[in-house]
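Chemist: This is a predicted model, with the sequence first.
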Amino acid sequence: MNKILVATTHRCGSTALYNIVRFCLLRSNKGVYSSWYGFYDEKRGPLDTHVVKIHNFDNRFLGWADMVLTAKRDLRDIMGSLKRFSLARGRDFNFDDELRRCVYYYNAWDQYSDYEFIYEDFFNNPIGIIDEIAKTIGVAVSANDVHADLRRITEHPRGFGLCTQHLLTHPSHVGSMKPGCYAEHLTAEEVSGIYKYGKI
């Protein structure tokens with residue numbers, strides 16, 4: 001069994017990466033079990049590949065994985081997206097705590113990455129990036145077909161089961177995805193507070 005871990009910080013394209021991996025495998029006729037780490041049951045199977053998504057740094061899953069895929073996005077856009085997402089779902093949002101947490105998770109997983117998904121590159125060239133991911137995980141599929149699958153669950157999440165352990169999507173999950181959209185959600189003071197970390 002092949003074990004793939006999608007492990008990175010919040011709001012950086014990790015759900016897109018997770019679902020690209022899933023669809024690449026499914027379209028190559030692999031038996032796939034995929035899950036958020038909190039629901040994962042290693043005894044599920046027999047299947048060719050298990051795909052798990054995680055944010056928290058957890059040595060148990062690091063040791064479990066055959067391959068670790070991470071994601072990278074401009075930290076300002078991560079924080080803008082996280083603020084929008086949290087407020088849209090009625091959650092408390094402490095900017096400084098969330099900023100430290102996002103940077104910690106990114107740095108913790110980045111050193112173990114076998115492939116880094118760069119959000120801005122995907123936004124500008126989704127077909128090329130999907131093709132890279134397929135080659136990284138060792139399957140041959142049509143990147144255009146996988147992109148169509150991804151668009152369907154992004155644009156019509158209600159038809160695919162909301163917030164399931166497999167799809168990990170939600171009507172409020174996707175917002176303004178364009179790089180540089182952080183100014184729609186962050187104050188000037190919040191943006192200046194991010195610069196001490198640079199861009200992840």
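Modeler: Ah, there it is.
Chemist: Okay, now the unreliable bits of the chain?
Modeler: 156-177, 198-200 (pLDDT under 70).
Chemist: what about the strands in it?
Modeler: 2-7, 32-36, 49-54, 67-72, 115-118 (DSSP state E).
Chemist: For these, give me CSV that also has mean neighbour count and distance to residue 128.
Modeler: All C-beta spots, glycine's among them, are computed from the backbone N, C-alpha and C. Listed next are those as CSV, based on neighbours: other C-beta atoms under 10 Å; distance: least, C-beta to C-beta, whole Å:
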stretch, mean neighbour count, distance to residue 128
strand 2-7, 24, 19
strand 32-36, 20, 23
strand 49-54, 24, 22
strand 67-72, 23, 16
strand 115-118, 19, 11
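Chemist: With distance to residue 84 as extra columns, can I get those in CSV?
Modeler: Formatted as CSV, the strands of the chain follow (distance: least, C-beta to C-beta, whole Å):
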stretch, distance to residue 84
strand 2-7, 22
strand 32-36, 21
strand 49-54, 20
strand 67-72, 18
strand 115-118, 21
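Chemist: Quick one: closest of those strands to residue 151.
Modeler: strand 115-118 (16.9 Å; C-beta to C-beta).
Chemist: So what touches that closest one?
Modeler: 13-14, 16-17, 67, 69-73, 110, 129, 132-133, 136 (C-beta atoms under 8 Å, 6 or more residues apart in numbering).
Chemist: Which single one of those is nearest to residue 190?
Modeler: residue 73 (16.3 Å).
Chemist: Pull the number of nearby residues for that closest one.
Modeler: 26 (other C-beta atoms under 10 Å).
Chemist: Who are the contact partners of it?
Modeler: 11-13, 118-120, 200.
Chemist: ok, back up a step: now for the contacts of strand 115-118, which pair is the farthest apart?
Modeler: Longest span within the contacts of strand 115-118, C-beta to C-beta: 67 and 73, 20.6 Å.
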